[in-house]
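[1] This is a predicted model, with the sequence first.
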Amino acid sequence: MAVTAILFPGQGSQTPEMRDTVAEVRPDLLSLAEQIVGEDPFARAEEGTRFAQPAIFCASLAGWESLGRPSADFMAGHSLGELAALVAAGCLEERAGLELVALRGKLMQESGERAGDGGMLALLGAGAADHAAELAEANGLSVANDNSPQQVVLSGDRAGFAGASAAAQELRLRAMELPVTGAFHSPMMAEAVPEFSEALAKVEVTSPRDVTVLSAVTAAPFEDVRAQLAQALTMPVRWRETLLALRELGAERFLEVGPGKVLTGLVKRTLRDVELAHA
C-alpha cells in the first residue's frame with residue numbers, strides 16, 4: 001500500500017457547495033459551528049477570515065468523514081488547515097479545534113483591519129519561489145505563502161505592492177493582489193498572537209494517533225503544537241518545503257480532503273511521480 005499523506009486546505013479553498021456537504025455528512029458539526037460563531041459561517045464565508053476559517057475547517061473534517069475517516073502515514077494542513085489536521089490526528093478535541101479556528105479567524109480579521117493598509121500580493125510564474133525573498137525585502141514586505149515553485153504570496157503594507165509588481169514584471173512574473181482584509185502571515189498580524197496564545201494554553205494537546213503531522217511553519221513534524229500554531233499567524237506558510245519534506249519522508253500518495261482542489265494543484269506543480277486523490 002502506498003505511503004499516504006492527507007492534506008487539509010486553508011483559506012481560499014471555499015466552494016459554494018461545501019455547506020451542503022457538512023449538512024449531509026456532519027449536521028452536528030454545522031450546528032456546533034453556528035453555536036460557536038454565533039451565526040451560520042457558510043452564509044458569510046466570502047466576507048473575511050472570521051467566517052471563512054470555521055466554514056472551511058468544518059468542510060474539511062466533513063470531507064475526511066465522507067471517506068470514512070481514513071488513516072494515513074502523514075497529515076499536514078495549509079495555514080488554518082493545520083488545525084483540521086491536528087483534530088483528525090487526535091491531537092486536539094474537535095470542539096476545541098473549532099473554537100480555536102473561530103477565534104483565529106476573528107483575531108486575524110480584526111488585527112488586519114487595525115494594523116493599517118495591509119494586504120497580500122501573489123507572484124505567479126516560473127521562478128516565483130526563486131525571486132520572492134529578494135522582492136519582498138526590497139519592498140518592505142514578507143514572504144507569506146511559499147506555495148509552489150510557480151506561486152508565492154507576499155504580505156505587508158500595500159505601499160510596497162507597486163514596487164514589487166514592477167520588479168516582478170521585469171522578471172517575467174505576474175503579480176496579482178489578493179482580495180483579503182489584512183497582511184496575513186506577516187508581522188502585521190502580531191496583535192493577534194497574545195490572545196490566541198492564551199486560548200491555546202487552555203487547550204489539551206495529546207500525541208497523534210499513529211500518524212505524523214507536519215507543521216507548515218517548520219516543514220517538519222510538529223514539536224510544540226501550541227507554540228507553532230501561534231507562530232503561524234506571523235510566520236510564512238512553507239507549503240512547498242512541507243510537500244518536499246513529505247516526499248522525502250516517503251509519501252507517495254497525496255489525498256486532499258475538504259473543499260476545492262487548491263492543494264492538489266500545488267502538489268502537481270511541486271512533486272513528480274506521486275499519486276493524487278481528492279475527497
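    Received, thanks.
[2] any idea how far G156 is from E204?
    Distance, E204 to G156, using CB to CB, to the nearest Å: 35 Å. For the C-beta atoms, the positions are set from N, CA and C on the backbone; glycine is no exception.
[3] Likewise for G10?
    The gap separating G10 from G156 is 19 Å, by CB to CB.
[4] before we move on, the earlier item: between E204 and G156, which one's more packed in?
    G156 (26 against 8; other CB atoms under 10 Å).
[5] Quick one: residues contacting the more buried one.
    Applying CB atoms under 8 Å, 6 or more residues apart in numbering to G156 gives the contacts G118, G119, A136, N139, G140, L141, S142, A183, S186, P187, M188.
[6] Would you double-check that it falls in a helix?
    No - counting by DSSP: H, G, I helix; E, B strand; the rest coil, G156 is located in no helix; its state is strand.
[7] Against E110, how distant is it?
    Distance check for G156 against E110: by CB to CB, it reads 18 Å.
[8] my guess is V193 contacts L229, does it?
    No - between V193 and L229 there is no contact under CB atoms under 8 Å: 10.3 Å.
[9] quick check: longest helix of this protein.
    helix 94-114 (DSSP state H).
[10] Name the nearest residue to G182, sequence neighbours excluded.
    G112 (1.7 Å; CB to CB, 6 or more residues apart in numbering).
[11] Run a quick neighbour tally on that neighbour.
    G112: 24 neighbours (other CB under 10 Å).
[12] One more: the one 3 residues further on?
    Other residues within reach of A115 by the criterion other CB under 10 Å amount to 19.
[13] and if you look at A220?
    When neighbours are counted by other CB under 10 Å, A220 comes out with 16.
[14] wait, it sits on Q228?
    No - assessed by CB under 8 Å, A220 is found out of contact with Q228, at 9.8 Å.
[15] Which of the contacts of G156 are buried, as a ChimeraX select command?
    Command for ChimeraX that selects the buried part of the contacts of G156, burial taken from 16 or more other CB atoms under 10 Å:
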select :118,119,136,139,141,142,183,186,188
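[16] Return the subset of the contacts of G156 lying in helices.
    Those of the contacts of G156 lying in helices (DSSP H): A136.
[17] Can you tell me which of the contacts of G156 lies closest to A129?
    Nearest to A129 among these: A136, at 11.9 Å, using CB to CB.
[18] how close does that closest one get to A144?
    9 Å.
[19] got any residues that touch both of those two?
    Here A136 and A144 have L154 as joint contacts, going by CB under 8 Å, 6+ apart.
[20] Looking only at neighbour counts, state which of V193 and L229 leads.
    Between V193 and L229, L229 has the larger neighbour count (other CB under 10 Å), namely 25 against 16.
[21] Hmm, the more buried one is touching G81, no?
    No - applying CB under 8 Å, one finds L229 not in contact with G81, separated by 11.7 Å.
[22] what about the strands in the stretch 101-250 of the chain?
    For the stretch 101-250 of the chain, applying DSSP state E, counting those that start in this stretch gives strands covering 118-124, 142-148, 151-157, 174-177, 212-215, 220-221.
[23] mind listing what D157 touches?
    Neighbouring residues of D157 by CB under 8 Å, 6+ apart: G116, D117, G118, G140, L141, A183, M188.
[24] so what's the first one closest to, chain neighbours aside?
    In space, not counting the residues next to it along the chain, G116 is nearest to D157; the distance is 6.4 Å by CB to CB, 6+ apart.
[25] before we move on, what about the fifth one?
    The shortest distance from L141 to any residue other than its chain neighbours is 3.8 Å, reached at G156 (CB to CB, 6+ apart).
[26] and what of Q53?
    In space, and not counting its chain neighbours, Q53 is closest to G105: 3.3 Å by CB to CB, 6+ apart.
[27] That neighbour: neighbour count?
    25.
[28] before we move on, the earlier item: quick one: common contacting residues for V193 and L229?
    Common contact partners of V193 and L229 (CB under 8 Å, 6+ apart): none.
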